[in-house]
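J.: A structural model of the following input is requested.
(2 chains)
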Amino acid sequence: MQPEDAGEPMDRALLIGVSDYRFTKRPHGVPGKLPAVEHNVPVLHEALVRAGVFADEEIVSLQSPDFAEAARELQRVAREARGLLLVYFAGHGAIPSGGDELYLQLRDAQVFAGEHTVFNGAVSFSDLMGTVLVTSRADRVVVVLDCCFAGNAARVWEHFEDKRRVVLLMSVQANHRIDAGDPGTPTPYTENLAELLGEEDGTTVSRLAARLRERMAEQKRRTLRNEPWEPQLRADAGADAVRLGKEGPQVPLLSPDGTGPSGTAPRPPRPPRRRLPAWTAALWRRPRALAAAWSRARRRRRHSRSGAGGGTRPSRRILFRLALPVLLALGMLGVGLYGPLGLAGGDDTHCDPPLELRVLTDPDMEEAFRTAADAYLTSDANTTDAGCRHTGITVHSAGSSDVVDALRRHTDDWKEPEGDEVNPQRDIGPQPDVWIPGSRAEVDRVLEEQDTDAVAELEPAESPLAYSPVVLAVPDHLAPEPLNEVTGRPLTTMIDALTVRAEDAAVRRPDPEFTDSGLLATVGLYGDASAVARGEAMVAQPGPPSPTAGDLLCALPDDDAVDDRTAALVPEFLLISGVDCEDITRAPRTALYPADVPGMDPVFVRVRWDDGDVDAVARDASVASFHDWLAGDGGREVFARFGFRDPGTREPLDEDQDVDAVKYAPSPLDESAGRNEMEQALSAYQAYGGPGRVLFLLDSSGSMAGVWQGPSGGPGLLRQTLGGLGADDEYGAWSVADTGDGPYETLLGFGRHAREDAERAVDERARVRDASADPHAALLAAFDEMEDRGDDGRPQLIVHLTDGRHGDRLSGGRLREVLDRAEASRVPVTVAVLGSGGCDEGRPDRRIADVSGGRCLDAGDDVGAALHDEIARIGTGDD
Amino acid sequence: MPRRLTALLALLLLAACTGGGDGTPDQADEERPGTIVVASGRDVTGSNGVRQRLIDAWNRAQQEAGSEYQARLVELPGSADEQRSQLLGALQSGSARYDVVNLDVTWVPEFAEAGLVRALPDDLVDADVIDPVAGTARWDGKVYAVPFNSDVGLLYYRIDLLRKAGVEKPYVPEGFTWEQLRGRIAALGKKLDAADYVNGWTTQLAPYEGRTVNAVEAFATAVPGLRLVDEDGRYTGDVEELRRGVKELTRRVDQAYISPSAGKQDETESTSEFAAGRTAFLRAWPSAYPTLYRVFGDRLGVASLPGRAVLGGQNLAVTTTSERARKATELIRFLTGRQSERCLLEAGFAATRASAFGRSARCPAEISATPAPSPTGEADEVPRGDDGRPGFPDEKLKEALERAVHRPRTPLYGAFTQTLITQLGPLVEGGSADDEELARRLDEALRRALPG
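T.: Numbers count the residues shown, from 1 in each chain, chains lettered A, B, ... in the order given. Purely as a prediction, here's the structure:
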């Protein structure tokens, strides 16, 4: 593209106006003919010649061509152009469903609507861009679209890597239809465009676009949606250098002595603020030196920016071809100090908000994948030439079995939540575009049992992104000596050996329903013989298990005595990267590698939602780019830092990792977890101990009136948890208010219930009483009730939903009495305090929960979701 | 069914394109009555479901008028990041259908610029809407999202500690400055022993939006009129401005004054620390008041934040893809009208309209969230003004709103806040950093994040 090897530059224009359509009848025809468009091409042709932008012979005009002719001419003209290429289209524009593609309809256009609408006789804007970019050696391409939905081309343009060469002028903003106007004159946009070309000298594209916008506003033009009609521009840095008017006096802001604009050219709207340093003179003569100069500039980015370059004034012709690289260089120098991403950040850079990817992962891996996503966001892979981000990413996590369940059976509710009870949008989080479970087996668990009418489709990648074995982390002083039992033995054998070494040794595991590391550990605990009771006895602990492996490692040091004698089943990477828990020191631990515990092998899964294909092309590209980055060097660097292993070789990714800390030798037995093993372990875990028993105490005192209504009010929360209880679970609900007949009133008798019946009872009977509550008496009665039902080993729970305002009803001796009873009864009490601060240390509800082995949940915990998890752990329900 | 809907929509869109007629809207613009889906984050403010009750009230009115429209509230997660992610992802891809979305004020430019929400009639934001709050509604000169409820940073303090340390009334006078605040903390340190008092103040500096809010408050205090971005949302700051801002933030997080845990605290944790009596001052939103009042009663003081406070809150917008945009706009008009704002105020939100404060008509009983006074002695002990709103006098709240500053308004706000959070890490986590170097790096990073 240098002048010396390009020969005489040839500018070319292709003007297409389709006024006459062959098919105008329903159901497949276009809406009608467009007499106004017939005037567009001649008027614009004349204006371009008059303004000196193109010579007459440089323009090809096509009136109402069919698809084949238009495509042929487009290729030819694109091929011939060397300098400036202009492609203009006026006619019907159509979009599939308000989305990211725009079809320009030619004379033979037809539309076949259906599940995937087919546009015959129309060229998609992507194809037009593709053709131009692939075929043409033009320095600069200007595309002008005057049709309905023209603005929808902007998003397509955004996703072309090479879009820097293309300036895009669109008659109207995205998703708007426009009226063609009087049949006797050109369409309003083209008429204004032609007039401005005739009037304005030296019009740069951005100036032209601004004037078009002003004009349309002055004329009070409206779109068919009755909103202001606003022509659009998309251009990368340097658009000001493309002129569509008569010869402009100078390149904006550049003059041989570097002193700024000379001549009488209108000032560009936002002149670059920085001057050229001396060495840019070379760029005037050798644009191809740009790349080399760029890398030099990167090396020297701290260099002084003072000084100004010399150089000769370019002719107009050269200006067309050089202005872009020169301005690019200007932008680069201007922001070169700020690193590579600022490369083309000229003053006209415009970044569209990036496409948002919703990424869902396992709770134990959330931090690693969030760190990876943050690194990706600012990486070159996610940065356009103009320094914009292609994609934004939000990583979140949710309980693993809830996610599997939602993907199997509740995708419809996830897409369109109908009621308050089942709402995965609220309880799990955003509908994922990407799901990264802790184990490939989770994907198979979904696929095997997904509803046939599911509205989300999973596409797992072939190989996992990383690997981390689940280890038995034993306090150093309890590690086997010599270290000959580190690998190759079943988990239960290792635990038996541990208890032989220290009788009071204990083992803990994170919640198998919440994180995959807990479930994988459970596979080993139960072993081939499915010895569930034996396995559970090995990890028995007071209170509920920690939700995640990270939480477990943080919880152990709460009690030094526990920390010193307790081994933890956790993924190895957490021992290497460490967990962030408030400056607590933990007993140093040695990792043992059980042979029958599968490791974590996070796999990247694309999730496609029905109707979620409005921006399918762009979204797929974003997903693919993120996947490739994660699977490539970028991801490896982060995974290495977090202590993961190579998913193929199982060697540590971090080559500098201390070998002493990692004594693991891969065993042929630790294949990635099988779907059946995990499914069986989870079912056995959930069934262990049999159906659950839950007693709900719903504070119904006067002060609850402020936290009663809506899905986050007391009764709303109670209703939402009922899905966690199945037909075999026994439960009841009391309304706690001292109305004179005792401390409570039964809302729902203790026993088995159909969910609908239970919901109805809560709806009909729960109401705020004009009375205070006596939580002391009610809790004591609740312990009586649970004890009366016998200690048959079934999981039990008392749930107290309250606003935490107990006054002196739960203080002093009364509180002491409840605390003693809670400790003795072995029934955990989970308190959901509606209002923040209710679970602060020392508060009565917190103390009762702690001493009983239950949980205290307040506004800081997302009470609804946390309570749901609590009930799901006890009950056998489906939700 | 949804697929068929999409195809139908495509046909409708095609059917009237560039008709060549007289420019009047055609039949495709006629709405079919049905459900208007309103998406909003889970309400964790303890407002007793006032949003749901406002929607119920609208639905009742529709029913009485014989209309076939009904609105349905779909709750999103409580986490703002997850709300934004779902709303953006779903509206861009079509994976879920919403007609009305409740946007944090900082997201409005992004959703407007991306064409995900529609321009609305200007008169939805009239002169009654408090000035800085009204500023959150517009982008590119048009109203895109109507203020629903507002929010502003406040200073909470312990009257008893200040009194004990010999500070004279008013403990926090008008025009209280950060320098005076540091003076008070120094006095407390000298006069009180460790049993009474541990740390000066605390706030939200964990790596999330709270850190951005606190940084912007420091920056806006140090550099009056600071904007950081132009009207298109492109970065216009410079190293010098940032240096002054960073310096102010450094003074605020000086270990002599701030709790060492602040760098890891969010709203809940910082409020808990203050409630546990470990600090004398707290920066927090108005929603912390009821909790703190229950702990401290008359020992609790509240004032405007010294320097500048950041504006929070949420605005309602109609999605571009809504097939019921006309009626959805009508719903927004109701939800953000005078009566609704009054109800929101009484439920504990900061109202967006001046008329809601003071002596305007009370929220009607069928919507009101205010519990009836209870004769049981267990009555809500939080003081309520004449207006029924739990908390301190309205005038203070209104004044704070009127003086509040915006966070930078840019379509690339996600990149802005992520950059600020990351770059300020060494300062707020480590407690010290080279201000000059940090400002330079922050400037570099913001330039990259918001090219222009």
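J.: measure A:Arg719 to chain B for me?
T.: Using C-beta to the nearest C-beta, to the nearest Å, we find A:Arg719 at a distance of 13 Å from chain B. Any C-beta I mention is one placed from the backbone N, CA and C, and that applies to glycine too.
J.: and the pLDDT for A:Ala631?
T.: What the model reports for A:Ala631 is a pLDDT of 95.
J.: do the same with A:Thr312
T.: Taking A:Thr312 on its own, its pLDDT is 30.
J.: isn't B:Arg441 up against B:Gln423?
T.: Yes. Using C-beta atoms under 8 Å, B:Arg441 is in contact with B:Gln423, at 6.1 Å.
J.: who has more neighbours out of those two?
T.: B:Gln423 (22 against 17; other C-beta atoms under 10 Å in any protein chain shown).
J.: tell me which residues touch the more buried one, please.
T.: When contacts are counted by C-beta atoms under 8 Å, 6 or more residues apart in numbering or on different chains, B:Gln423 is found next to B:Leu438, B:Arg441, B:Leu442, B:Ala445.
J.: make a PyMOL selection of whichever of those residues turn out to be buried.
T.: Of these, the buried ones can be selected in PyMOL as follows, counting by 16 or more other C-beta atoms under 10 Å in any protein chain shown:
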select buried, chain B and resi 438+441+442+445
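J.: TSV for the contacts of B:Gln423, including secondary structure, pLDDT and distance to A:Glu57?
T.: Output for those, formatted as TSV (DSSP: H, G, I helix; E, B strand; the rest coil; pLDDT from 0 to 100; distance: C-beta to C-beta, whole Å):
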residue	secondary structure	pLDDT	distance to A:Glu57
B:Leu438	helix	94	61
B:Arg441	helix	94	56
B:Leu442	helix	96	55
B:Ala445	helix	93	51
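J.: what's the closest of the contacts of B:Gln423 to chain A?
T.: B:Ala445 (8.2 Å; C-beta to the nearest C-beta).
J.: who's in contact with that closest one?
T.: Neighbours of B:Ala445 in contact, by C-beta under 8 Å, 6+ apart: B:Thr419, B:Thr422, B:Gln423.
J.: and B:Trp58, by the same measure?
T.: B:Trp58 touches B:Ala71, B:Leu331, B:Phe334, B:Leu335, counting by C-beta under 8 Å, 6+ apart.
J.: what is the neighbour count of the last one?
T.: Neighbour count of B:Leu335, defined by other C-beta under 10 Å: 25.
J.: how about the nearest residue to it, chain neighbours excluded?
T.: B:Leu54 (5.6 Å; C-beta to C-beta, 6 or more residues apart in numbering or on different chains).
J.: check the gap between the one you found and chain A for me.
T.: With C-beta to the nearest C-beta as the criterion, B:Leu54 and chain A are 11 Å apart.
J.: next, that residue: secondary structure please.
T.: Of the three states, B:Leu54 takes helix according to DSSP: H, G, I helix; E, B strand; the rest coil.
J.: pretty sure it contacts B:Glu346?
T.: No. Applying C-beta under 8 Å, one finds B:Leu54 not in contact with B:Glu346, separated by 11.6 Å.
J.: residue numbers of the stretch 51-200 of chain B in contact with chain A?
T.: B:51-53, B:74-79, B:81-82, B:84-86, B:88-90, B:92-97, B:110-111, B:113-115, B:118-119 (C-beta under 8 Å from any C-beta of the partner chain).
J.: of the residues you listed, which belong to helices?
T.: B:51-53, B:81-82, B:84-86, B:88-90, B:92-93, B:110-111, B:113 (DSSP state H).
J.: give me the pLDDT for B:Ala39.
T.: For B:Ala39, pLDDT reads 96.
J.: before I go, just wanted to say thanks for your time.
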